[in-house]
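Need coordinates for the following:
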Amino acid sequence: MTEGNGKSIRAGAPPKLYLDPNLQIMFGVTLMVLLGVLSVMPVLPELTVELGVPERSIGLVVSLFALPGVVLAPVAGILADRIGRKKVLVAALLIFGLFGTACGFAPDFETLLVLRLLQGVGMAPIGVLNATLIGDLYEGTERITAMGYVGTVLSIGTALLPAVGGALALLGWNYPFMLPVIAVPLALLVMFSLKNPEPHTTHAFKDYLRGALSVILTKRAIGLFSLTFLTFLLLYGPYVTYIPLLLQKKFGLSSVMVGLIVSVSSLFTGLASSQLGRLASMYRDVSILRASFFLFLTSMVLIPFVPGLWSFLVPLGIFGAAMGLGGPSRVTLLTGLAPANQRAAVMAANGMVQRFSQTVAPVLMGAILASFGMDAVFWTGAFIAICMLVVTIRAVE
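Numbers count the residues shown, from 1 in each chain. The predicted structure is shown next:
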């Protein structure tokens, strides 16, 4: 863990890293990264009835939420490096929470999309600063251990939020959209309780940009950014947008059951990510990353052949394990690419790629669904997993 001057501190550190108050606050910020999508995921099919939305347009709820990050992630990263992490994060949480809550009062689909776009303005910096602050607070083995704990929290959130969203949907389609209200008190907690090191930037702005670009344009950074794009293309295309539709159409499940079934994969995500600290002592981060892509490939290949509901849990569990191993390993590699006063810029570039992927994924997979059918969505996912492996071997190893 690091002090405000950036030096590693060991004395006085809690015996278990997850007891560190700073990391616990970051757990809350991590949940916000999920809240904007997973809590509304089970209710997406219901919008086709409640608001008269065609199936091919459902993905816009996710795409427009992700779109601002394509433009604003770099701005958020630069501001976080230049004026401080905390100021940017607090403002982002307030925007995310207020406009997110307003989505629950949208009278029609068009208004909902506008509010989701504005909510995405707040989401852009949150996704960037979540990983940046972990990189600031911890070093070495502590960093990947912290990333593993964050991955476990992600898995718990991924397990619970679809179920919570599905349960709230019983009251009405709009109730899951109101959950971001909890970002408002979290913003106050970040403001007054988070003890994070802030970057000390003395370089001129053009020198800062030149230094950040020198990192961002390296072969390894471009490879890792490519993996981010492919990971979220897979996650927000076949998984988030179309597995709920597949479960509903193939097995006739309610929103609650869709949420419960999907959440099973998160148990495996948590199990895998909780072991990252131990795995990192035996294997390189890149080796762990590579293993995750084999798991993604296996999951996507199995889904079209699943004969029944209970056997559907197998590819979902494999997908969850892949996320638990791959996500924290990739982010750990990224946070180690740059010094603290340029780290947010690097993570912002990654965030821009991530949001672009989230924006493109539902639209792309919707076009594939309309042209070739549901199975083609998952065969495309298998091809994406193969591309991940190739990029890792060629650019990241």
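
so where does Leu171 fall, helix or strand?
Under DSSP states H and E, no helix or strand contains Leu171.

Distance of it relative to Leu98?
21 Å (CB to CB, to the nearest Å). The way it works is simple: take the backbone N, C-alpha and C, and place the C-beta from them, glycine included.

Of these two, give the one with the bigger neighbour count.
Leu98 (18 against 9; other CB atoms under 10 Å).

Counting by contacts, list what the helix or strand that contains the more buried one packs against.
Assigned by DSSP H and E, Leu98 belongs to helix 85-103. Helix 85-103 sits against helix 21-38, helix 60-83, helix 109-137, helix 183-193, with contacts defined as 3 or more CB pairs under 8 Å, 6 or more residues apart in numbering; DSSP states H and E.

Out of those helices, which one sits most buried?
Comparing these by mean neighbour count (mean count of other CB atoms under 10 Å), helix 109-137 comes out on top with a mean of 24.

got the angle for that one vs helix 21-38?
150 degrees (axes from the mean of the first three to the mean of the last three CA atoms, to 10 degrees).

Which elements pack onto helix 109-137?
Using 3+ CB pairs under 8 Å, 6+ apart: helix 109-137 touches helix 21-38, helix 60-83, helix 85-103, helix 140-168, helix 313-335, helix 340-372.

Now mean pLDDT and distance to Gln275 too, for those helices, in JSON lines please.
Below are these laid out as JSON lines (pLDDT from 0 to 100; distance: least, CB to CB, whole Å):
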{"stretch": "helix 21-38", "mean pLDDT": "88", "distance to Gln275": "18"}
{"stretch": "helix 60-83", "mean pLDDT": "84", "distance to Gln275": "30"}
{"stretch": "helix 85-103", "mean pLDDT": "93", "distance to Gln275": "29"}
{"stretch": "helix 140-168", "mean pLDDT": "81", "distance to Gln275": "7"}
{"stretch": "helix 313-335", "mean pLDDT": "87", "distance to Gln275": "8"}
{"stretch": "helix 340-372", "mean pLDDT": "84", "distance to Gln275": "24"}
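
hmm, back to that, columns distance to Leu227 on top of the helices and strands packed on helix 85-103, output as JSON lines?
What follows is the helices and strands packed on helix 85-103, written out as JSON lines (distance: least, CB to CB, whole Å):
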{"stretch": "helix 21-38", "distance to Leu227": "18"}
{"stretch": "helix 60-83", "distance to Leu227": "17"}
{"stretch": "helix 109-137", "distance to Leu227": "14"}
{"stretch": "helix 183-193", "distance to Leu227": "28"}
